[in-house]
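J.: Provide a 3D model corresponding to the input given below.
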Amino acid sequence: MASVLKENRVTPDPYSIPLETLDPAQVPLFQNDELWDYFERLRKEDPVHFLEDSDYGPYWSVTKFDDIMFVDTNHELFSSEGGITIGPLKSMEERAREFQTAMFIAMDPPKHDVQRATVTPVVAPRNLAAMEGIIRERAGKILDSLPVGETFNWVDLVSIELTTQMLATLFDFPFEERRKLTHWSDVATSGPELLTLEERRAELLSCLEYFTRLWHERKDKPEPGMDLISMLAHGENTKHMQPMEFLGNLILLIVGGNDTTRNSISGGVLALNQNPQEYAKLRADHSLISNMVPEIIRWQTPLSHMRRRATQDVDLGGKTIKEGDKVVMWYVSGNRDADVIDRPDEFIIDRTQPRHHLSFGFGIHRCMGNRLAEMQLRVLWEEIMKRFEFVEVVGEPQRTPSVFVKGYTELPVQVHPLG
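T.: Below you'll find the model as predicted:
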């Protein structure tokens, strides 16, 4: 499944394109699952690749595991200031600058460190242990409500529903309005194919207005609750945030707590259907679930890349990256690097060292919710295997139109109960 057969391609064969103009940052590649050959060629022929002209301006593609690790773990050489995605389209760059948010993942130390530390307690081990029972109960209710014998969209009824319920708990957000969180997450990560900049701005200002109201309700309480808004409102280093900084951190926490887990939940079902021998292994031995979860996250790589800016001239892979250059770490490519990962194009639920992947990032920006994401997936699959012989994919998945969020909008399935 690593490569789409060339005769079935919708997008151009990457080997028909001059290497110096090869551009993996194209929505159709991701939406049609035709990205793999592009990254395979870059890893083999030009793993630190400069593209002079693209829809997003000039940028470097870093596609090998060890090179990505170097960039990710050297924040003094590669800054996060200014944003973590490849950036706005060139045609929209000017207007995008007029509506800029700030978030701690797009900051460098020391500000990054103190803001991240303010919200990290929400995923501390004791808090995670307390959440497991809640996740299990909710997962069970969701699975028990599925329409047996009918085709339905797994993304909507399971992946989104479970992660949005968890997100509502983390924010102590009004539960009956939790789908607002899903909507704002989708708005925050949407490209110009779905929303204009003006529409996106209006939706995100609505998000800011809603959360500002929650902020004011909680900031005057003598003791902060164990929810993210209370932590930000009472935190010494966050309680005086400006509105755009508050909004930026909200977007970070919403997307980080929603998109990554929800797309891994959907991706796991698809991977098992594409690899029936692995599904057979799972049916025979449910104890493989804990090992399968990080393999799902590697296989899916729910955020395809992160972006940095070089703070000085840096030599990498025989190339000189100039100060100020945009550098894109393609996690989705590094996770298929055969020099580091054995049989990387295969989905293997009992692989050794399944956590040896890039999906959560490394260094100071490593995903703070990685254990929560793994726990949600583990608990959900434990509950799935108690109920269903087979979650069967019965139609083509519809993939997210994005070069950043690697996910699904639709996954048509039918569930087949045990017995």
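J.: hey, let's count contacts and neighbours off CA atoms from now on
T.: OK.
J.: shaky segments in this protein?
T.: 1-7, 88-124, 191-194, 365, 368 (pLDDT under 70).
J.: Would you mark the buried spots in the top helix by length along it?
T.: The longest helix of the chain (DSSP state H) is helix 243-274. Using 16 or more other C-alpha atoms under 10 Å as the test for burial, helix 243-274 gives 244-273.
J.: now the strands for this protein?
T.: Counting by DSSP state E, one finds strands in the chain at the ranges 48-51, 59-62, 78-79, 152-153, 305-310, 314-316, 319-321, 326-330, 388-393, 398-399, 408-410, 412-417.
J.: wait, Gln376 sits on Ile135?
T.: Yes - under the criterion of C-alpha atoms under 8 Å, Gln376 makes contact with Ile135 at 6.7 Å.
J.: Neighbour count for the two, which is higher?
T.: Under the criterion of other C-alpha atoms under 10 Å, the comparison of Gln376 against Ile135 puts Gln376 first, with 23 against 20.
J.: now that one: how far from Ser159?
T.: 10 Å (C-alpha to C-alpha, to the nearest Å).
J.: Could you do Val340 as well?
T.: Applying C-alpha to C-alpha, the value for Val340 to Ser159 is 30 Å.
J.: In terms of neighbours, single out the busier of the two.
T.: Each of Val340 and Ser159 has its neighbours counted (other C-alpha under 10 Å); Ser159 has more, 25 against 15.
J.: contacting residues around the more buried one?
T.: Thr261, Arg262, Asn263, Ile265, Ser266 (C-alpha atoms under 8 Å, 6 or more residues apart in numbering).
J.: ok, 7 Å please
T.: Counting by C-alpha atoms under 7 Å, 6 or more residues apart in numbering, Ser159 makes contact with Arg262, Ile265, Ser266.
J.: With Thr261 instead?
T.: Going by C-alpha under 7 Å, 6+ apart, the list of residues near Thr261 reads Thr163, Ala373.
J.: How much space separates it from Leu128?
T.: Distance, Thr261 to Leu128, by C-alpha to C-alpha: 15 Å.
J.: go on, Thr21?
T.: Using C-alpha to C-alpha, Thr21 is found at 46 Å from Leu128.
J.: of these two, who's got more company?
T.: In this view Thr21 and Leu128 are compared by other C-alpha under 10 Å, and Leu128 has more residues nearby, 16 against 13.
J.: With adjacent residues omitted, what lies nearest to that one?
T.: Spatial nearest neighbour of Leu128, chain neighbours left out: Leu372 (6.7 Å); criterion: C-alpha to C-alpha, 6 or more residues apart in numbering.
J.: Now do Glu199: how many residues are near it, please.
T.: Glu199, neighbours per other C-alpha under 10 Å, totals 12.
J.: quick one: it from Trp184, how far?
T.: Separation of Glu199 from Trp184 (C-alpha to C-alpha) stands at 12 Å.
J.: again with Ile86
T.: Taken as C-alpha to C-alpha, the span from Ile86 to Trp184 is 20 Å.
J.: now swap in Gly395 and tell me
T.: Distance of Gly395 to Trp184, computed by C-alpha to C-alpha: 27 Å.
J.: Grab the nearest non-local neighbour of Arg9.
T.: Nearest residue to Arg9, sequence neighbours excluded (C-alpha to C-alpha, 6+ apart): Glu34, at 7.2 Å.
J.: Apologies, that question was intended for Phe78.
T.: Per C-alpha to C-alpha, 6+ apart, closest to Phe78 is Ala310, 4.6 Å.
J.: how near is the one you found to Gly57?
T.: Distance of Ala310 to Gly57, given as C-alpha to C-alpha: 15 Å.
J.: which one of those two has more residues nearby?
T.: For Ala310 and Gly57, the more surrounded residue by other C-alpha under 10 Å is Ala310, and the numbers stand at 20 against 16.
J.: Is it correct that the more buried one is in contact with Leu316?
T.: No - between Ala310 and Leu316 there is no contact, the gap being 11.3 Å when judged by C-alpha atoms under 7 Å.
J.: So which residues of the stretch 51-200 of the chain form helices?
T.: Remark: helices assigned in the stretch 51-200 of the chain by DSSP state H, counting those that start in this stretch are 65-73, 93-97, 111-119, 125-144, 154, 161-171, 179-189, 197-219.
J.: Return the most buried member of these.
T.: Looking across those with neighbours counted as mean count of other C-alpha atoms under 10 Å, the highest average goes to helix 154: a mean of 24.
J.: what separates that one from the chain centre, distance-wise?
T.: 18 Å (C-alpha atoms, centre = their mean, to the nearest Å).
J.: Check what contacts it and list those residues.
T.: So helix 154 is in contact with Ser266, Leu411, Pro412, Val413, going by C-alpha under 7 Å, 6+ apart.
J.: Return the residues in contact with Leu270.
T.: Applying C-alpha under 7 Å, 6+ apart, the residues near Leu270 are Val393.
J.: so how many other residues sit close to Gln353?
T.: 12.
J.: actually Lys44, not the one I typed
T.: 11.
J.: switch to numbering from 52
T.: That works, and once the first residue is 52, the last one we named lands at Lys95.
J.: Against Thr114, how distant is it?
T.: Separation of Lys95 from Thr114 (C-alpha to C-alpha): 9 Å.
J.: cool, Thr403 as well?
T.: 23 Å.
J.: Ok, Glu91 next?
T.: 9 Å.
J.: and what of Ala180?
T.: Look at Ala180 and Thr114: by C-alpha to C-alpha, they are 36 Å apart.
J.: try Thr451
T.: Shown here: Thr451 relative to Thr114, a distance of 21 Å by C-alpha to C-alpha.
J.: Those two: who's more crowded?
T.: Counted by other C-alpha under 10 Å, Thr451 and Thr114 do not tie: Thr114 has more neighbours, with 29 against 22.
J.: Ramachandran coordinates for that one?
T.: With angles defined as degrees, to the nearest 10, Thr114 sits at phi -120, psi -10.
J.: Tell me who's in contact with it.
T.: By C-alpha under 7 Å, 6+ apart, the residues touching Thr114 are Phe90, Leu93, Arg94, Pro98, Val99, Met380, Trp381, Ser384, Gly385.
J.: ok, the last one - contacts?
T.: Yep, that's Gly385 we're talking about. With C-alpha under 7 Å, 6+ apart, Gly385 has these contacts: Thr114, Lys115, Phe116, Leu409.
J.: nearest to Leu221, of those?
T.: Leu409 (24.9 Å; C-alpha to C-alpha).
J.: Thanks a lot, catch you later.
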